[in-house]
Every structure is written in structure tokens, then in C-alpha cells.
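# Any chance you could fold what I've pasted below:
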Amino acid sequence: TQMAYSSAHQRLYLAYPGGAITYIDLTASLVERPFANLPLTPRGLAAVGEFVLAQDASGARNTHYIFDVNGVLTDSADWNRYSRAYAWNEANDRVYFFRDGISPNDLLYEEINQLSGTITDAGETPYHGDYFISPPIRISQDGTKVLLGSGDIYDANTLAWQGALGTTID
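Numbers count the residues shown, from 1 in each chain. As a prediction, the model looks like this:
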């Protein structure tokens, strides 16, 4: 149902109906191996630096799970959000995602401590419906800007709207 590539782990992560998450080590024999299991089918999967974020519909609303390279759960947070897209920003240890399925949609983030694998902060834009929110989510090379499929550009730290391209992107 989901796939994510981790450059830090040199692995391809795959999520399956029922909750199983596996990986393929791209530096070895390319054999699919067990990684972790969620209570429900994963609806989101992303490489977040040295860790992997997975999301399912369990808990109160949705839950984000953080796993280390060995598939050990390092943190989880319910009362969370489903998102069609995730983007990792190495410059500020944040993963950006949407509040899909809830109106108005919005751009949110979680900070993932790269030593402990814990979610240390979270936030969202102050606009709540003022701008159109659509995937993909892309981070600028220097990590200072976030570009959405709507063409809108946000400051990566404050999530303040910075401008627009004037066109949408795929």
C-alpha cells in the first residue's frame, strides 16, 4: 500500500494490508525482510533521517509511529493526521505532511530527534484554509523553503507563506 526509500539506510521500505512493513537492503542480496508491524494497514510511510515514520488509522483518529533501523518502535503519537504525502527536511529534522480528510486541509510538521527517534515538536501553518493544499511536498536544497503542489511556498521553520509560483506542479 505504501513505499519509501531511505538514503540513510540504503533500503526500500514496503507496507502491506494488515500492517506488515518489510524492507529490501539495496546494498545486499535484494531479499525482502520483515521490519515492523502496525495494528492496521499503513496509510503513510516515509524515511525521516535515521528513522522511518509509518501511519495508520488506529488510536484516536490516526497514529504516527517512529521506528529505528532495526524496526524497534522509538515513539508514537495518536490524535494525529492522515496525509497523502510526506517530505523530510534534514536541515531542521522536520517531516512535513498534510491534514488530508479534514476541512480545511493544512500543512503540518513533526520534528524527529535524530538521536532518540522521538517526536519532539509539532506544528501547522496559521492559515487554516486560506491557501490551497495539495501534493507533492518538496523541500528546497538549502532546507529553508517548502513547496506544495499548489505552487505555494512556505518558510520551512515558521510555515509562513512566502509566495507562489503562479502554477501548480505534479
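# Tell me the pLDDT of the spatially most distant residue from the centre of the chain.
Most distant from the centre of the chain: residue 29, at 27.5 Å, with distances by Cα atoms, centre = their mean. Per-residue confidence (pLDDT) for residue 29: 88.
# Checking it next. Helix, strand or coil?
coil (DSSP: H, G, I helix; E, B strand; the rest coil).
# which residues does residue 5 contact?
Contact partners of residue 5, counting by Cβ atoms under 8 Å, 6 or more residues apart in numbering, are 11-13, 47. Glycine gets a C-beta too; all of them are placed from N, C-alpha and C.
# Kindly recompute the last result at 7 Å.
Residue 5 makes contact with 12, 47, according to Cβ atoms under 7 Å, 6 or more residues apart in numbering.
# For residue 165, see how far away the spatially closest residue to residue 168 that is not a sequence neighbour is.
Spatial nearest neighbour of residue 168, excluding adjacent residues (Cβ to Cβ, 6 or more residues apart in numbering): residue 151 at 5.3 Å. Distance of residue 151 to residue 165, given as Cβ to Cβ, to the nearest Å: 4 Å.
# hmm, back to that, quick check: phi and psi at the residue farthest from the centre of the chain.
Per-residue torsions, residue 29: phi -80, psi 0 (degrees, to the nearest 10).
# Begin at 26 from now on, thanks
With the count now opening at 26, the last piece we talked about shows up as residue 54.
# Looking at residue 176 and residue 190, which is more packed in?
Legend: neighbour count by other Cβ atoms under 10 Å for residue 176 and residue 190, higher for residue 176 (16 against 12).
# Could you double-check that the more buried one sits in contact with residue 194?
Yes - between residue 176 and residue 194 there is a contact under Cβ atoms under 7 Å: 6.3 Å.
# For residue 134, pull up the helix or strand it's in.
Using DSSP states H and E, residue 134 sits within strand 132-137.
# strand partners of that strand, parallel vs antiparallel please.
strand 119-123 (antiparallel), strand 144-149 (antiparallel) (DSSP bridges).
# For these, give me a markdown table that also has mean neighbour count, mean pLDDT and distance to residue 158.
Formatted as a markdown table, the strands paired with strand 132-137 follow (neighbours: other Cβ atoms under 10 Å; pLDDT from 0 to 100; distance: least, Cβ to Cβ, whole Å):
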| stretch | mean neighbour count | mean pLDDT | distance to residue 158 |
| --- | --- | --- | --- |
| strand 119-123 | 25 | 98 | 6 |
| strand 144-149 | 15 | 97 | 11 |
